[in-house]
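# one predicted model, sequence on top.
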Protein chains: 2
Amino acid sequence: MEFSQLGQSELKALQNELMKAYDEVKAQNLKLDMSRGKPCPEQLDLSLGMLECKEYTMDGIDCRNYGGVDGLPSAKALFAEFLEVTPEEIIVGGNSSLAMMYDTIARAMMFGVVGSEQPWGKLPKVKFLCPSPGYDRHFAICELMGIEMITVAMNDDGPDMDTVEKLVAEDDSIKGIWCVPKYSNPGGVVYSDEVVDRLASMPTKAPDFRIFWDNAYTVHHLTDQPARLKNIMDACKAAGHPERVFIFGSTAKITFAGAGVAAMAASKKNIDVLRKQLGIQTIGPDKMNQLRHVWFFKDMAGIEAHMKKHAAILRPKFEKVLEILETELGGTGTAEWSKPAGGYFISLNTMEGCAKRVVKLAAEAGVVLTNAGATYPYGNDPQDRNIRIAPTFPPMEELEKAMRLVALCIKLASVEKLLAK
Amino acid sequence: MEFSQLGQSELKALQNELMKAYDEVKAQNLKLDMSRGKPCPEQLDLSLGMLECKEYTMDGIDCRNYGGVDGLPSAKALFAEFLEVTPEEIIVGGNSSLAMMYDTIARAMMFGVVGSEQPWGKLPKVKFLCPSPGYDRHFAICELMGIEMITVAMNDDGPDMDTVEKLVAEDDSIKGIWCVPKYSNPGGVVYSDEVVDRLASMPTKAPDFRIFWDNAYTVHHLTDQPARLKNIMDACKAAGHPERVFIFGSTAKITFAGAGVAAMAASKKNIDVLRKQLGIQTIGPDKMNQLRHVWFFKDMAGIEAHMKKHAAILRPKFEKVLEILETELGGTGTAEWSKPAGGYFISLNTMEGCAKRVVKLAAEAGVVLTNAGATYPYGNDPQDRNIRIAPTFPPMEELEKAMRLVALCIKLASVEKLLAK
């Protein structure tokens, strides 16, 4: 039943019916939070074995003591494999890759990067390209720093590269682009080889342009056919722009979300500069936690085997969400949604102008969703359509309840919209 | 035997004798590092019990997961007691208090602090007062940030307050002062009540002046009579300047140097602003490590009991250094040194113009000391006198060898100096 085909009286009748169902759910006093991409306790339990680690020496280093600003050698080796670079292109840090991204931008603002004529913060204007829908916390960093964000459309194979190429070629105040290249947040998009190559090779007016490559979900597959992402570092080197990319990753959604290990990768030239600055900034990362991770996983195969256990927990949750969306909304023309093969989110688009209303209706019935608009720069989704669904944290039963309510709210908001036309 | 009383020929003879002894030590091919204030393995062993912790829930919070940008409530309570403030005046962070200091200055440069008219980085000039000898890593942060450092003399009771008061009253580009107020690095000075009160109450031309109160050694006593430091937060509040102070501390030299927990304290108004910025900067600190610390110590009494074990290891090392200095250099007039009641260093002053030479001679015989000059801004000790001695890390036997060599080098450099007159 395509909602847009219904007449006024049919819509009215439908609205009454939906409103009744909505009030019934409301009476249940639900209190569910689907706002953030948090792992569930069962996922966290998968890494409890890490707490059995009693070691404190690795690579001949007493990891309890000071030293080693760029990370424990064994951790560097493991993360080099993880991020598909060489160990000399890696810095292994603390527990938060977001903090490493913030820091990288803060340093660029204060000191510039390799190739900068002056610190970005001294320029009259700094702009970043923000493929959207995207990750709200990336955008929040830009907003805090006073970096102007330019929204670029996301296609099924990555950012709209025609627009990206055009913009970076003509405006030297555009210093960066945010990318979540694999199982993107929230759309689940995997960048195509062509997009990776075009990002690596495109001429940029700014000589110090940087790709912020947040490879947050590189091993976070939901199916047995892992997506393949072209190696951006290799592509940048091949294109003669080895300094162009900063790559980020972490074990936040592999071991413990709040107590994982984060790492970044870049060309040796970039890393040499960063290491020097880091040496002033800190006495070094928590090597004990790095040791604990290396001890637990041993190698990349260990991480991959571990990720299959995550997938076994998460796949049914994603399937449940997709099943409910299909059952409740299929054929209504009120929404379309991604069917991701990995990552942490499902991206849903309502009819134009309905997303905020849906989130509000859901909240009033006790289900907190990510704010509508959060997936766009400045929290402003120009079409008010996009909703990010985070299926990972709630138990199955709550997830089902929450999603049935979300579907109901989408139908309600759509009917309201159609009646208002 | 006062060296300065010796005649040319006596000095020559002494030089020959010392040179012979020096060459003998050199032939031993020593390889000792006394450059940094690192705890020794026996000290680190004191906290191995922390690795027995299997808990992951505290305060009803799953510490494995995301959340809690200002720290675990129980950790905030413990650090509030540790830094003598209230829990609402605390942010508990990652493993490095130095990183928190860097971050605090970086944020001030990029965004300003409570009371700033604009970000410090937008001003034509930012200056910090640097009581010296002081901590080289504080100075390195200023240098990286382009903050001009003004050296202020350290007296036995803290910085020379007449100078400090005069400077801050007349120059609004002076935005901060570095202080290690208890068992200072390197002099072991404990600030007097009067100095604390004058710092808290002095009029400053900059409305957003800040005291960076690095209370790194607050519980690091070497004797059974712990020094008492007046509470700077109370003093600032009493003086009507509650926003003036940022306090820092950590367990780096209590548990694991590289894997401790750092915290900062400030007025609620300061903390509210910092918490908001931190919420954009990171997904939160490693709560697992915070939990581990709270679990291990339980409370302040637990920390204090633990510190007695550190003192039992360190006291003999400090005593050995002082004994050697006294035996070898007492009455020679070639050096004077601090006799600290806590902290990690002994500060030694050679005759004018000898420190660099001593460090070079020691290095050539296989003993690495902290660079001469490191305890002054820009690495420039105007009188070339100060050497920082770090007795904590080397085993007793090595410490003894190293210190005998250092004493020998001091005598040698002094004779050279006197001969050149």
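Nice, thanks for sending it over. Since the structure is predicted, the reported quantities are computational estimates derived from the model, not experimental observations.

# from here on, just use CA atoms for contacts and neighbour counts.
OK.

# show me which residues of the stretch 51-200 of chain A sit near chain B.
A:51-54, A:63-67, A:94-96, A:98-99, A:102-103, A:106, A:110, A:137, A:140-141, A:144-145 (C-alpha under 8 Å from any C-alpha of the partner chain).

# apply 7 Å and report the result again.
Proximity of the stretch 51-200 of chain A to chain B (C-alpha under 7 Å from any C-alpha of the partner chain) is limited to residues A:51, A:54, A:64-66, A:95-96, A:98-99, A:102, A:137, A:140-141.

# just the buried ones among the residues you listed, please.
A:51, A:64-66, A:95-96, A:98-99, A:102, A:137, A:140-141 (16 or more other C-alpha atoms under 10 Å in any protein chain shown).

# out of those residues, which are inside helices?
Residues of these located in helices (DSSP state H): A:98-99, A:102, A:137, A:140-141.

# and A:N349, how far is that from B:G67?
28 Å (C-alpha to C-alpha, to the nearest Å).

# show me what the helix or strand containing A:W295 is packed against.
Here A:W295 sits within helix A:287-297, counting by DSSP states H and E. On a contact count with 3 or more C-alpha pairs under 7 Å, 6 or more residues apart in numbering or on different chains; DSSP states H and E, helix A:287-297 meets helix A:73-82.

# try it again with 10 Å
Applying 3 or more C-alpha pairs under 10 Å, 6 or more residues apart in numbering or on different chains; DSSP states H and E, one finds that helix A:287-297 contacts strand A:57-58, strand A:61-62, helix A:73-82, helix A:300-329.

# which of the three states applies to A:P285?
Secondary structure state of A:P285, per DSSP: H, G, I helix; E, B strand; the rest coil, is coil.

# now for it: which residues touch it?
By C-alpha atoms under 10 Å, 6 or more residues apart in numbering or on different chains, the contact set of A:P285 is A:66-72, A:91-95, A:261-262, A:278, B:94-96, B:99, B:258-259.

# break chain A down into its domains, please.
A:3-30+A:304-420, A:54-299 (automatic domain parsing).

# span of the last one from start to end?
I take that to be domain A:54-299. Using C-alpha to C-alpha, one end of domain A:54-299 lies 19 Å from the other.

# moving C-terminal from the helix or strand containing A:Q15, which element do we reach first?
According to DSSP H and E, A:Q15 maps onto helix A:8-27. Scanning forward in sequence from helix A:8-27 by DSSP H and E, the next helix or strand is strand A:32-34.

# can you list phi and psi of A:V367 for me?
phi -120, psi 110 (degrees, to the nearest 10).

# number of nearby residues for the closest residue to A:G158 other than its chain neighbours?
Nearest non-adjacent residue to A:G158, counting by C-alpha to C-alpha, 6 or more residues apart in numbering or on different chains: A:Y191, 4.6 Å away. Neighbour count for A:Y191, taken as other C-alpha atoms under 10 Å in any protein chain shown: 24.

# likewise A:D286?
The burial count for A:D286: 33, using other C-alpha under 10 Å.

# please name the residues that touch it.
Per C-alpha under 10 Å, 6+ apart, neighbours of A:D286: A:63-69, A:71-72, A:92-95, A:261, B:94-96, B:256-261, B:286, B:289.

# ditto for A:N231
A:83-85, A:193, A:196-197.

# with A:H310 instead?
A:H310 neighbours (C-alpha under 10 Å, 6+ apart): A:39-40, A:42-44, A:46, A:220-222, A:253-255, A:304.

# likewise for A:L78?
Counting by C-alpha under 10 Å, 6+ apart, A:L78 touches A:72, A:84, A:86-87, A:90, A:92, A:293-294, A:297-300, A:303.

# A:D208 too?
Residues in contact with A:D208 (C-alpha under 10 Å, 6+ apart) are A:108, A:112-118, A:120, A:172-176, A:243-244.

# which among the residues you listed end up buried?
A:108, A:112-114, A:120, A:172-176, A:243-244.

# among the residues you listed, which pair sits farthest apart?
Pairwise distances across the buried ones among the contacts of A:D208 (C-alpha to C-alpha) peak at 17.6 Å, for the pair A:S173 and A:E243.

# wait, A:V358 touches A:S414, no?
Yes: using C-alpha atoms under 10 Å, A:V358 is in contact with A:S414, at 8.9 Å.

# can you point me to the longest strand in chain A?
Taking DSSP state E as the criterion, chain A has its longest strand at strand A:148-155.

# so what strands line up beside the following helix or strand past that one?
For strand A:148-155, the following helix or strand on the C-terminal side (DSSP H and E) is strand A:158-159. The strands beside strand A:158-159 in its sheet (DSSP bridges) come out as strand A:148-155 (antiparallel).

# which other helices and strands contact the helix or strand of chain A with the lowest mean pLDDT?
The weakest-scoring helix or strand in chain A, judged by mean pLDDT, DSSP states H and E, is strand A:32-34 (a mean of 90). Packing partners of strand A:32-34 (3+ C-alpha pairs under 10 Å, 6+ apart): helix A:355-364, strand A:367-369, helix A:396-420.

# in its sheet, what does that strand sit against?
By DSSP bridges, strand A:32-34 pairs with strand A:367-369 (parallel).

# can you tell me the centre-most residue of chain A?
With distances taken as C-alpha atoms, centre = their mean, A:N185 lies nearest the centre of chain A, 3.8 Å away.

# so that one sits right up against A:W178, yeah?
No: under the criterion of C-alpha under 10 Å, A:N185 makes no contact with A:W178, lying 11.2 Å away.

# got any residues that touch both of these two?
What both A:N185 and A:W178 touch, as defined by C-alpha under 10 Å, 6+ apart, is the set A:132, A:134-135, A:214.

# biggest separation within the residues of the stretch 51-200 of chain A next to chain B, which pair?
Farthest pair in these (C-alpha to C-alpha) is A:K54 and A:A140. Separation: 38.7 Å.

# contact partners for A:A402?
If you count contacts by C-alpha under 10 Å, 6+ apart, A:A402 has them with A:25, A:30-34, A:321, A:362, A:365-369, A:391, A:394, A:396, A:408.

# tell me the helices in the stretch 101-250 of chain A, going along the chain?
A:136-145, A:161-170, A:193-201, A:232-238 (DSSP state H, counting those that start in this stretch).

# so which of the ones you listed gets nearest B:K127?
helix A:136-145 (23.0 Å).

# only C-alpha atoms, please: export that closest one in PDB.
In PDB, the C-alpha atoms belonging to helix A:136-145 read as follows (Å, rounded to 0.1, in the frame of the first residue of the first chain):
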ATOM      1  CA  ASP A 136      28.400  13.300  13.700                       C
ATOM      2  CA  ARG A 137      31.500  13.300  15.900                       C
ATOM      3  CA  HIS A 138      33.700  14.200  12.900                       C
ATOM      4  CA  PHE A 139      31.500  17.100  12.200                       C
ATOM      5  CA  ALA A 140      31.600  18.200  15.900                       C
ATOM      6  CA  ILE A 141      35.400  18.400  15.800                       C
ATOM      7  CA  CYS A 142      35.200  20.700  12.700                       C
ATOM      8  CA  GLU A 143      32.500  22.900  14.400                       C
ATOM      9  CA  LEU A 144      34.600  23.200  17.600                       C
ATOM     10  CA  MET A 145      37.700  24.200  15.500                       C
END
